[in-house]
Structures are given as structure tokens and as C-alpha cells.
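J.: sequence and predicted structure below; questions after.
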Amino acid sequence: MSSKEFYTIAVDCMGGDHGPSVTLPACRHFLDAHPKAKLLLVGQSDALAGFKHERAEIVHASEVVGMDDPVEIALRRKKDSSMRVAIEQVKSGEADAAVSAGNTGALMAIARYVLKTMDGIDRPAIAGQMPNFKGGGTTMLDLGANVDCAPEHLFQFAVMGSALVSVLQDNASPTVGLLNIGEEAIKGNEIIKKTAELLRSAANSGDLNFYGNVEGNDIFKGTVDIVVCDGFVGNVALKTSEGLATMMGGFLKSEFSRSIFTRIAAIFAYPVLTSFKNRVDHRRYNGAALLGLRGLVFKSHGSADELAFETAINRAYDAARHQLLSRVAARIAHAAPLLNLQVNASEDSANAAATE
């Protein structure tokens, strides 16, 4: 852990479905709980003027990226948006990390444009946690940034995800599973099979703790610490997880609105059901890391309430004080020779095939 006296998080206070009505209370709760933290509250000054705290500073941004703004508008036309200004605080070194609940596509595009990608990384990925039945979270990536992935991209996701879990969960050797339609090595398309070969090689060289193929139910069973997949599949799983928590909340309410006998039964079952609901509550796992950038950026769910948004700030703060950025870079650098050998082998095979 770094020995810095304070860690500073830049918060896009205007982003998300609720803006300052959620982000500001969450920021106050966070500051009260973390005496070694400072916040840069980025947004329109008149909307943030009422917030006063000795460890908070308002940074004015005149524009706001809407949740339905096209990426081109957010990136090219809204250059003074709260989202972009927050990320620029990271680039300038004024902040150790940035957090936003805004438009995911815009956040990734702006972050990639402003911060650039790390050496050895082709595509940044979104990494977040899914609640599992063990009472913890399964880290999953990618959650929506990359729909079409080559084996090299999935391999990079696995390395970055391993660094993330080792830092934030104090797990020196987290297990990595590759999402597939079955556990057997012969299953899956060519991309998955080639990715598995890369991951097995990485395991043999000590770069990863590769468990093998996993299926969808393993995400919620907590079979492995990390599940790697493309962004299309990951985003579907994310929405399913959030829907489960919402469904449980609705179920608990509906049971108490029925007959007296149903209510009595519900009273006895309530502690168990409530415990389960809390374990799958996506608010406790809010805050997805945009991995592979030359700076720390965390994405909160757009509909986050105060608890969920505070959780996202907590994750950014933990990542900063545990030096996630340098540790991801170190893991990528260590694994790079393996990836380069694999890429060169693929190129040699392609060239040989072309000359036959």
C-alpha cells in the first residue's frame, strides 16, 4: 500500500439518472467514513454550491453528458462535461481516480481518449462484481465494453482481472474461469479454445491461476474468483444479476400484502429471505473498474442510489491506495512475452497457410 497522506477521488456529480441528489449525499457519507480521503466534486457550480466540507473542492464543468447522448456528442462536442473534466483530473495528477455514473459508452470513449491505454493492452475492459451464494462477489469482465473479442483480448482481461482481485480482495492467487457452454476442453468455438490454450500456458508460467472452463451458473455459485468473457455475454449476466435483486425485493413486499396465513408464513421466512436479498443486492457490488487505461476510472450504475454510489467511490479509493494501476501494469508486462509469442505463432501459421 502507498504511504501517501491523502488520496483524492474526482467525482462526476452530474452523471447518472439522479445527479447531485444522489452523488452529493453519497460523497458526504464517504468523506465522513474516510478521514484520509479528499474529493473533487466536478459539475455545474450552481448545482453543487450547497456542499461544504473541509476535504472537498468543487471543480466547475459547464456541460453534462446525458444518459442517451451518442458517444460522438460526448467525446467531440461536450469537451467541458463533468465526465470529461473528472477524468482530466486523473490525467493531470490532481486526482488518483475518477468515478462517474454517467453514460457507459461515453465514459469508456472519453477515458480511453484522455488517458490512453497501457502498453500491452489492446482494449480496456469493464470489470465488476456479481454477488454469489458464498456471500461474496465473483469478479467478471468484460461487462460491456467489447462485444467482439479475439483470444488475445480475453487473455489480457484475465491478467488485468487477476491484478484487480489480488489488490482489492487481498488474494495473491485468484482463480480464473473462462466462460463456456461446458466445462470440457473440447467445447466452445475457436476463439474460446484458443483463449483456453493461452490461459493454460499462462498458468504453466505462473502468470495466472487458471481453473478451466466454467458455465453460467458458476458465476453465482462462486466457483472461481474471476470469470472472463466477451462484453455481450458479460452485460447480459450483469443485468440478470440486478434483476434478481429487484425481484427478491418485490417478492418480500408482495408476501406481506396477502392473506393472514401467508403473512404468518412470511414472518418466519423473512430473516432467511432478507439475508438472501442482501447477499444478491447489486448495490453492495456497485463500481466497475475500467481496466487497461493509464489512470483509474470507475463506473457506477446509472440508477445508483446513495448507498450504491458510495460503494463505487469506496472501490475507487481502495484501488488508488492499493496502487492498482502499477500492479496491473506489472502483471501485463510480466505476461507480455507469452502473449507476443502466441501472436507471432498465429502470424507464422497464417503466413505459412498463405504460401501453401
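T.: Sure thing, it's come through.

J.: so what's the residue nearest to residue 100 when sequence neighbours are not counted up against?
T.: Spatial nearest neighbour of residue 100, chain neighbours left out: residue 12 (3.6 Å); criterion: Cβ to Cβ, 6 or more residues apart in numbering. Heads up, the C-betas are built off the backbone N, CA and C, glycines and all. Applying Cβ atoms under 8 Å, 6 or more residues apart in numbering, we find residue 12 in contact with 23, 42, 43, 82, 83, 86, 98, 99, 100, 101, 102.

J.: residue 312 versus residue 12, what's the distance?
T.: To residue 312, residue 12 is 11 Å away according to Cβ to Cβ, to the nearest Å.

J.: overlap of the contact sets of those two?
T.: Contact with both residue 12 and residue 312 is made by residues 99, 101, according to Cβ under 8 Å, 6+ apart.

J.: still on that earlier bit, okay if I get the contacts of residue 12 as CSV plus secondary structure and distance to residue 73?
T.: CSV is the format used below for the contacts of residue 12 (DSSP: H, G, I helix; E, B strand; the rest coil; distance: Cβ to Cβ, whole Å):
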residue, secondary structure, distance to residue 73
23, helix, 22
42, strand, 19
43, strand, 18
82, helix, 15
83, helix, 12
86, helix, 18
98, strand, 20
99, strand, 22
100, strand, 16
101, coil, 18
102, coil, 13
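
J.: what comes up buried for stretch 316-335?
T.: Judged by neighbour count using 16 or more other Cβ atoms under 10 Å, the buried positions of stretch 316-335 are 316-325, 327-329, 331-332, 335.

J.: ok, so of these, who is nearest residue 65?
T.: Using Cβ to Cβ, residue 316 comes nearest to residue 65 of the buried residues of stretch 316-335, at 18.5 Å.

J.: quick one: the closest one and residue 97 touch, right?
T.: Yes. Counting by Cβ atoms under 8 Å, residue 97 is a contact partner of residue 316 at 4.1 Å.

J.: who touches both of those two?
T.: Common neighbours of residue 316 and residue 97 (Cβ under 8 Å, 6+ apart) are 9, 296, 298.

J.: where does the protein dip in pLDDT?
T.: Within the chain, the stretches with pLDDT under 70 are 1-3, 241-282, 339-356.

J.: burial count for the closest residue to residue 75 other than its chain neighbours?
T.: Excluding its sequence neighbours, the residue lying closest to residue 75 (Cβ to Cβ, 6+ apart) is residue 109, at 5.0 Å. Per other Cβ atoms under 10 Å, the neighbour tally for residue 109 reads 17.

J.: buried sites along the strand or helix carrying residue 109?
T.: Following DSSP states H and E, one finds residue 109 within helix 104-115. Buried positions in helix 104-115, judged by neighbour count with 16+ other Cβ under 10 Å: 104, 105, 106, 107, 108, 109, 110, 111, 112, 114, 115.

J.: next: stretch 31-48.
T.: 31, 34, 37, 38, 39, 40, 41, 42, 43, 44, 47, 48.

J.: now do the same end-to-end measure for that stretch.
T.: End-to-end distance for stretch 31-48: 16 Å, by Cα to Cα, to the nearest Å.

J.: and stretch 199-218, by the same measure?
T.: Taking Cα to Cα as the measure, stretch 199-218 stretches 18 Å from start to finish.

J.: would you check that residue 202 makes contact with residue 208?
T.: Yes. Shown here, residue 202 and residue 208 form a contact pair, counting by Cβ under 8 Å, at 4.1 Å.

J.: for those two, list the residues in contact with both.
T.: Joint contacts of residue 202 and residue 208 (Cβ under 8 Å, 6+ apart) are 158, 159, 335.

J.: nearest to residue 56, of those?
T.: Ranked by distance to residue 56 (Cβ to Cβ), the shared contacts of residue 202 and residue 208 are led by residue 159 at 35.5 Å.

J.: and the closest one, what is it in contact with?
T.: 202, 207, 208, 331, 332, 335.

J.: what sits closest to the second one if chain neighbours are left out?
T.: Leaving aside its sequence neighbours, residue 207 sits nearest to residue 335 (Cβ to Cβ, 6+ apart; 4.4 Å).

J.: and for residue 294, the neighbour number?
T.: Using other Cβ under 10 Å: residue 294 sits among 17 other residues.

J.: what of the one 10 residues further on?
T.: One way to gauge burial is a neighbour count; for residue 304, by other Cβ under 10 Å, it gives 24.

J.: mind listing the strands for the stretch 51-200 of the chain?
T.: Along the stretch 51-200 of the chain, counting by DSSP state E, counting those that start in this stretch, strands occupy 56-60, 97-100, 125-131, 137-141, 175-179.

J.: what packs against the shortest one?
T.: Right, the one you point to is strand 97-100. strand 7-12, helix 82-92, strand 296-299, helix 306-321 (3 or more Cβ pairs under 8 Å, 6 or more residues apart in numbering; DSSP states H and E).

J.: again, 10 Å this time
T.: On a contact count with 3 or more Cβ pairs under 10 Å, 6 or more residues apart in numbering; DSSP states H and E, strand 97-100 meets strand 7-12, helix 20-33, strand 37-43, helix 82-92, helix 104-115, strand 288-291, strand 296-299, helix 306-321.

J.: so for residue 194, which of the ones you listed sits nearest?
T.: Comparing these by Cβ to Cβ, strand 288-291 comes nearest, at 21.3 Å.

J.: in its sheet, which strands sit next to the closest one, and in what direction?
T.: Sheet partners assigned to strand 288-291 using DSSP bridges are listed as strand 125-131 (antiparallel), strand 296-299 (antiparallel).

J.: and which of the shared contacts of residue 202 and residue 208 is nearest to residue 182?
T.: Residue 182 lies nearest to residue 158 out of those, by Cβ to Cβ, at 19.0 Å.
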